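> Return a 3D structure for these sequence lines:
(one chain, ligands or ions: 1)
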Amino acid sequence: MEPKRAAAEKAVAYIHDGMVVGLGTGTTAYWAIQQIGKRVQEGLHIRAIATSSHSESLARELGIPIVSFSEIDGIDLTIDGADEVDLAWNVTKGGGGALLREKIVASASKRLVIIVDESKLAPQLGRFPLPVEIVKFGHEWTLKRLASLGCQATLRTFSSGDGPYITDNGNYIADCAFGRITNPQILHEQINQIPGVVDNGLFIGMAGSVVVGYRDGSVRELEKESL
Ligand SMILES: O=C[C@H](O)[C@H](O)[C@H](O)COP(=O)(O)O
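This is a model prediction of the structure:
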């Protein structure tokens, strides 16, 4: 089985009847949503909240009941992918542009399970350019302020050539290539202090579990600092 799918299916086994479940975004979360859909069709009773319009549409197609924040008191378990995971389970997210909703959902969750294939594991974050959601107004200046933190900040564009990428929240994404992030906590604070930044893709201390799929077909739930 594909490593992303194997990790996703292991994480979905943590879901049980009555839970409110956060649905992640991306190619790994896709497999989790598929598996949740299968279990719902087999009789699992859950309610779900999605981290993107894309995941919400997929969930609805599969018959997963979607609720809004006004209908819940919290989220029991969220399963989501990541772009990079370090030794302390600090995570970079937002490669698919969903970081803001993902962070809101993760912060409302009792437990965040990160599902990745082994290629996402890194001793230190930074190889993957850090996505930062920024408002449209003054974005040229915001990009300069981001670059002043020591990165190359690039406005994300649609691969179709249709101009700047627009998030579900109507904002832009700046991809910030730092190369190496030595202190994710401090960088997180520095970035979010810049006016025009909505949030960044660093998820510090939020992951409760990391489930990894390997090329040899195995799946392992990591212990902290065991990468
Ligand atoms: O914005 C997207 C999300 O943060 C994804 O969870 C992340 O980019 C990982 O995506 P994938 O599983 O497709 O590598």
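> Residue ranges in this structure under the pLDDT threshold?
Under the criterion pLDDT under 70, the flagged ranges of the chain are 225-227.
> quick one: strands adjacent to the longest strand anywhere in it?
Counting residues, the longest strand found in the chain (DSSP state E) is strand 109-117. According to DSSP bridges, strand 109-117 forms sheet pairs with strand 75-80 (parallel), strand 209-213 (parallel).
> Next up, the contacts around Leu62.
Going by CB atoms under 8 Å, 6 or more residues apart in numbering, Leu62 touches Ile33, Gln34, Ile36, Gly37, Lys38, Val40, Gln41. Quick note: C-beta positions are derived from backbone N, CA and C, even for glycine.
> Type out the PyMOL command that picks the buried ones from those residues.
Here is the PyMOL selection string for the buried members of the contacts of Leu62, based on 16 or more other CB atoms under 10 Å:
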select buried, resi 33+34+36+37+40
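> Output the contacts of Leu62 in CSV, with distance to Lys4 and secondary structure appended to each entry.
Putting those into CSV (distance: CB to CB, whole Å; DSSP: H, G, I helix; E, B strand; the rest coil) gives the following:
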residue, distance to Lys4, secondary structure
Ile33, 12, helix
Gln34, 11, helix
Ile36, 15, helix
Gly37, 16, helix
Lys38, 16, helix
Val40, 21, helix
Gln41, 21, helix
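> and which of the contacts of Leu62 is nearest Phe137?
Of all the contacts of Leu62, Ile33 has the smallest distance to Phe137: 33.8 Å, by CB to CB.
> residues touching that closest one, list them.
By CB under 8 Å, 6+ apart, the neighbours of Ile33 are Leu23, Gly24, Ser55, Leu58, Ala59, Leu62, Ile64.
> Skipping its backbone neighbours, what lies nearest His54 in space?
Of all residues not flanking His54 in the chain, Thr25 sits nearest, at 6.4 Å (CB to CB, 6 or more residues apart in numbering).
> Surely Gln190 is in contact with Ser148?
No. Counting by CB atoms under 8 Å, Gln190 stays clear of Ser148, with 9.7 Å between them.
> neighbour count winner among the two?
Comparing Gln190 with Ser148 by other CB atoms under 10 Å, the one with more neighbours is Gln190, at 17 against 11.
> do you know how far the more buried one is from Gly150?
10 Å (CB to CB, to the nearest Å).
> now swap in Gly179 and tell me
9 Å.
> where along the chain do the helices fall?
For the chain, the helices defined by DSSP state H occupy 3-12, 27-41, 53-61, 99-107, 139-147, 184-192.
> Excluding sequence neighbours, find me the nearest residue to the residue nearest the centre of the chain.
Centroid-nearest residue in the chain, with CA atoms, centre = their mean: Lys93, separated by 4.5 Å. In space, Lys93 comes closest to Gly201 once its chain neighbours are excluded; the distance is 4.7 Å by CB to CB, 6+ apart.
> Can you tell me the number of residues neighbouring the residue nearest to His54?
29.
> Ala50 too?
Quick note: Ala50 (other CB under 10 Å) scores 27 neighbours.
> What of Ala147?
As a burial measure, Ala147 scores 15 neighbours (other CB under 10 Å).
> Pull the contacting residues for it.
Counting by CB under 8 Å, 6+ apart, Ala147 makes contact with Ala153, Cys176.
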